[in-house]
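*Asks:* 3D, please:
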Amino acid sequence: MTTDGTSLGRLDLARPSRSVEVAQSLLGYLLSGELQPGDRIPSERGLTQILGVGRGAVREALKSLTLLGLLEVRQGDGTYLSSTNSNLLPQIVEWGIMLGEQHVLDLVEARQEIEISLAGLAAGRRTDADVAALSAALQAMCDSVNDRDAYIEADVNFHMVLATISRNSVLAGVLTSIRSLLRVWTTRVVTDRASVRDSLALHPPILAAIRDGDVEAARAAMTQHMKQAAARLRKTLP
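*Replies:* Numbering: from 1, shown residues only. All right, here's what the predicted structure looks like:
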């Protein structure tokens with residue numbers, strides 16, 4: 001259920017697809033300790049031998065893990081285990097986001113509850129400096145509407161600034177721990193100029209409520225944002 005009582009719907013995920021199984025096997029190998037963050041991973045041919053699957057399956061698994069941010073493709077130089085998000089690897093594996101597991105829906109529900117709580121706390125605790133910081137974060141989103149990648153980063157940053165304003169280290173820490181997953185989520189739902197505009201339009205009411213110190217309005221504005229974000233995410237799932 002969403003925070004407003006409506007159903008998110010359910011996916012039949014009892015049996016993972018072959019591509020999911022291969023991705024999970026590849027995850028297990030990458031995080032087994034044989035490779036360290038920043039290390040170059042074996043070639044596709046080498047991975048087919050390690051995993052005992054076909055090259056096409058390996059290629060699809062590599063695409064999935066690159067999307068997650070676990071892998072970094074360096075043109076002409078190979079593929080490397082990400083070093084920038086190395087501290088997030090356990091969380092990424094635990095959630096299984098975008099690999100077709102039930103944890104996708106768990107993330108949707110968890111993010112909704114966390115972000116709505118953070119918005120309410122931020123409205124009740126904000127200072128003038130906090131409002132200025134959040135306003136700057138929103139302006140960065142506005143300034144990057146013609147650059148999808150920059151917009152996604154600015155969007156994620158808006159939510160991280162809001163989390164800081166809440167002054168709740170536990171809730172903010174949870175959101176920080178899944179920051180790369182928020183980026184994946186936003187990447188999947190912000191696909192063109194129209195979706196950028198739709199996404200952007202949901203943020204000014206959040207800023208306004210926090211600026212006014214209106215806890216209930218902040219929670220309501222974030223609820224609306226999370227409801228629409230969850231609906232768009234569900235449409236992208238298999």
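*Asks:* for this protein, which spans come out with low pLDDT?
*Replies:* Counting by pLDDT under 70, the chain shows low-confidence ranges at 1-20, 31, 67-69, 83-107, 180, 236-238.
*Asks:* so who does the residue minimising distance to the centre of the chain touch?
*Replies:* Among the residues of the chain, the smallest C-alpha distance to the mean C-alpha position (C-alpha atoms, centre = their mean) belongs to residue 182, namely 1.7 Å. Going by C-beta atoms under 8 Å, 6 or more residues apart in numbering, residue 182 touches 111, 156, 159, 175. All C-beta atoms are positioned from the backbone trio N, CA, C, and that covers glycine.
*Asks:* Then residue 193?
*Replies:* Residue 193 touches 145-146, counting by C-beta under 8 Å, 6+ apart.
*Asks:* repeat that for 7 Å
*Replies:* With contact set as C-beta atoms under 7 Å, 6 or more residues apart in numbering, residue 193 has no partners.
*Asks:* now the helices for this protein?
*Replies:* For the chain, applying DSSP state H gives helices covering 18-30, 44-51, 55-68, 89-95, 103-125, 128-143, 148-166, 169-177, 179-189, 193-201, 204-212, 215-236.
*Asks:* nearest to residue 37, of those?
*Replies:* Residue 37 sits nearest to helix 89-95 of all the helices of the chain, at 7.9 Å, using C-beta to C-beta.
*Asks:* Go through the contacts of residue 182 and say which is closest to residue 35.
*Replies:* Using C-beta to C-beta, these come closest to residue 35 at residue 156, 26.7 Å.
*Asks:* That closest one against residue 183, yeah?
*Replies:* Yes - counting by C-beta atoms under 7 Å, residue 156 sits close enough to residue 183 to count as a contact (5.3 Å).
*Asks:* Comparing the two, which shows the higher neighbour count?
*Replies:* More neighbours sit around residue 156 than around the other of residue 156 and residue 183, counting by other C-beta atoms under 10 Å; the figures are 21 against 17.
*Asks:* Noted, bye for now.
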